[in-house]
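>>> The sequence isn't on hand, but the structure is:
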């Protein structure tokens, strides 16, 4: 049987190394066996550190294409798109998922949205957005404005005209936000449509937000 100290060390080892402690007597726990195990563990640690460094580097690697479209490696991606990793630029159009935790008359469904807040201290993983809708408001209010998109956003959000729902301005976490997906290019890389609306339209949306807050 293993002595208490030997048993504790065995539990800390990967399964493939535990056979070194499985026997009885001095042979099973010889200094040579322990030395070989420690050398193997040291190699495992270096390899794991290198793998983690490569993963971190790949998450930051983004190859820009023309027209504000980005081609990224397949990462942080679910069936609905790729989650954002960093705070987007103000005016960026993303897809927000408002299915979970929202009820009518709150805004619901997956839909495009515009990022309205910059990166702020103490607000990691959060940003403020205004959602978009393809349904014209009836009647139109001072907190609504039109957003014409040329070219349209990727399917299924490819309506050439949308309405800004500034009365539904909200703060959401990054896990609700995804990049819009245009499929894969000729190299097999997934292509994301990342576009930023112009300064004049941003100022018009800010005015709509002020109306929605009674300011």
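Cool, got the structure. Note that the structure is a prediction, hence the values are computed from the model and not measured.
>>> where exactly do the strands run in this protein?
63-64, 69-72, 77-78, 81-83, 93-97, 110-115, 126-133, 144-148, 161-165, 170-173, 177-184, 190-193 (DSSP state E).
>>> hang on, isn't residue 111 packed against residue 98?
Yes: assessed by Cβ atoms under 8 Å, residue 111 is found in contact with residue 98 at 7.0 Å. C-beta here means a position set from N, CA and C on the backbone, and glycine is covered the same way.
>>> Mutual contacts of these two, please.
residue 131 (Cβ atoms under 8 Å, 6 or more residues apart in numbering).
>>> contact partners of stretch 98-115?
If you take Cβ under 8 Å, 6+ apart as the criterion, stretch 98-115 is touched by 80, 88-97, 127-133, 147, 153, 157, 162, 164-165, 168, 170, 176-177, 180, 197, 205.
>>> what residue ranges in this protein score low on pLDDT?
Where the chain drops to pLDDT under 70, the residues are 1-82.
>>> on that earlier part again, residue 214: which of the strands of the chain is closest?
strand 144-148 (15.4 Å; Cβ to Cβ).
>>> Can you give me the buried ones in the closest one?
Judged by neighbour count using 16 or more other Cβ atoms under 10 Å, the buried positions of strand 144-148 are 144, 145, 147.
>>> cool, and stretch 116-131?
For stretch 116-131, by 16+ other Cβ under 10 Å, it's 116, 127, 128, 129, 130, 131.
>>> That one: end-to-end distance?
Length of stretch 116-131, first residue to last, Cα to Cα, to the nearest Å: 10 Å.
>>> contacts for stretch 152-163?
93, 95, 111-112, 132-137, 144-150, 180-183, 193.
>>> same check, this time on stretch 199-213
90-91, 114, 116, 130, 141-145, 147, 164, 166-167, 169, 197.
>>> which two in those are spaced the farthest apart?
Of all pairs in those, the most separated under Cβ to Cβ is 90 and 141 at 23.4 Å.
>>> Comparing these two, which residue is more hemmed in?
Neighbour totals were compared for residue 90 and residue 141, and residue 90 leads with 17 against 14 (other Cβ atoms under 10 Å).
>>> what's near enough to touch the more buried one?
Neighbours of residue 90 in contact, by Cβ under 8 Å, 6+ apart: 115, 116, 117, 118, 196, 202.
>>> State the phi and psi torsions of the nearest residue to the fourth one once chain neighbours are set aside.
It refers to residue 118. Excluding its sequence neighbours, the residue lying closest to residue 118 (Cβ to Cβ, 6 or more residues apart in numbering) is residue 90, at 5.5 Å. Phi and psi for residue 90, reported as degrees, to the nearest 10, are phi -60, psi 130.
>>> distance of residue 90 from residue 177?
14 Å (Cβ to Cβ, to the nearest Å).
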